[in-house]
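J.: Predicted coordinates and the sequence they were generated for:
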Amino acid sequence: MKTALITGITGQDGAYLSEFLLDKNYRVIGLQQPSATPNTQNIDHLIGTDYFETVVCDITDSNAIFRILKNINPDEIYNLAGQSHVGLSFDLPDYTAQVNAIGTVRLLEAIRILDLKNTRFYQASTSEIFGNADHSPQNEDTPLNPASPYAAAKAYAHHMVKIYRESYGLHASCGILFNHESPIRGAEFVTRKITKAVVKIHKGDQKNLALGNLGAIRDWGHARDYVRGMWMMLQQDIADDYVLATGEQHSVRDFVIQAFKHVDINIIFEDDGLDEIGINSKTGKKIVTVSPEFYRPNDVHSLCGDATKAENILKWKPEISFSELIKDMMDAEINA
C-alpha cells in the first residue's frame, strides 16, 4: 500500500484528492494547520475511516516537517498548502511568501536532506504565474509574468521545484493548474460568492450581488478533474511540469448569467465598467452591481490554458464541462 502525504488537506483540492487516493487504496496522511477551531468540514466524512489520518503541522515549521517526513517516509507528497486567495495576497504579502514560496522550499529541503530517494513530489502551481501573458493560450513554455504577491510566491516555488529536480534528481513535478472550482470551493472565491448569492437572491434572502471586474476571463474546470491530473503526474517515470486546463474561456459575467439561469432568472447587463449592472428581465430589478472594493490593484484580465502536453503524455482530459460545473455548484448550494 502506498502512502501519500497531502499538505493543505482541508482545502478543496486536498479533500477531493484524499477521496481519489483512498479509492486507489492509498494510505492518506494530511497536514492540518494548527487552529483552535479546525476548519475540517471538507474532510469530516473521511475522519475516522480506514487509512486516513491528519497530523497538525504548520508548513512554516521546518522542524515539524523534517520530523513528520522522517517518520512517514511517504511514497508521494502533494503540496497543496498555501495562502490561496489572490486579492488577500496584496494585504498579506509577507505571509503569502512564507507559506507559498518558502514553505515549498522547506519540503524540498526535507526530502533532499533526509535522502528520501523514492518519494515523489507534486507542487501546486497556478496559471496566475503567467499574469497578463502576451499570447494565448498559455502552455508550459509561456514566460512567467506574475501580477500579484500570490503569483510571485507561486512563481518562486515553481522555479525552485525545477532547480531541485535538475540539481538533486528529485522526482518533483509542478501542475500549472488553471482555475478549478467545485461545491466546496472556499466562500471567499468569486465562484462560490456568486452561487451562494444567487440562491439567496432567488429565495429573497439577499437583494443584490456586488462583484469586481465582470469582464475578467478565466479558464474554469472542475476540481475533481484536476486532482486526477495531479496523481497522473506522479505516476510518470520522469518528473516534469504540466498545464491542466479546459482550453475554454468564460468571463465572470458568463458565470453569473449561467448561475442565475439555474434558478430561472434571466439577467440582462447594461452599461460597462463600474457602472455596469445586471437586471432581472422579469422584474426589472437591479440584482448585480460592480464595486471598486472588489477590484485588485493589478488584475489579470484573461487566462486560457493549453493542456496539449498533459493530453499527449498523461492521457489527461477534463471530463466535466463549464455548464456541468455550475450545475454541480448550484445544486449543492440549493440543497445546503
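T.: Good, I have the coordinates.

J.: Using PDB, write down the CA coordinates of stretch 277-284.
T.: The C-alpha coordinates for stretch 277-284 follow below in PDB (Å, rounded to 0.1, in the frame of the first residue of the first chain):
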ATOM      1  CA  ILE A 277     -25.500  46.500 -13.700                       C
ATOM      2  CA  GLY A 278     -27.400  43.200 -14.100                       C
ATOM      3  CA  ILE A 279     -31.100  43.400 -14.300                       C
ATOM      4  CA  ASN A 280     -33.700  40.700 -13.700                       C
ATOM      5  CA  SER A 281     -35.500  40.700 -17.000                       C
ATOM      6  CA  LYS A 282     -38.800  39.600 -15.400                       C
ATOM      7  CA  THR A 283     -38.900  42.100 -12.500                       C
ATOM      8  CA  GLY A 284     -36.700  44.900 -13.800                       C
END
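
J.: what about it, distance to the chain center?
T.: With C-alpha atoms, centre = their mean, to the nearest Å as the basis, stretch 277-284 stands 32 Å off its chain's centre.

J.: buried residues in it?
T.: 277-280 (16 or more other C-beta atoms under 10 Å). Placement of C-beta: from N, CA and C, glycine included.

J.: In strands, which of those residues fall?
T.: Among those, the ones falling in strands (DSSP state E) are 277-280.

J.: buried ones in the lowest-mean-pLDDT helix or strand in the chain?
T.: Between all helices and strands in the chain, the lowest mean by mean pLDDT, DSSP states H and E belongs to helix 86-91, at a mean of 90. Across helix 86-91, burial judged by 16+ other C-beta under 10 Å covers 86-89.

J.: What of stretch 169-181?
T.: 170-181.

J.: Quick one: mean pLDDT for that stretch?
T.: Looking at stretch 169-181 alone, the average pLDDT works out to 97.

J.: that older thread, could you dump the buried residues of stretch 277-284 into CSV with pLDDT and distance to Glu311 added?
T.: As requested, those are exported to CSV (pLDDT from 0 to 100; distance: C-beta to C-beta, whole Å):
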residue, pLDDT, distance to Glu311
Ile277, 94, 40
Gly278, 95, 36
Ile279, 95, 41
Asn280, 94, 41
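
J.: Check those against Met160 and report the nearest one.
T.: Gly278 (42.7 Å; C-beta to C-beta).

J.: And that closest one, how close does it get to Met233?
T.: Distance check for Gly278 against Met233: by C-beta to C-beta, to the nearest Å, it reads 39 Å.
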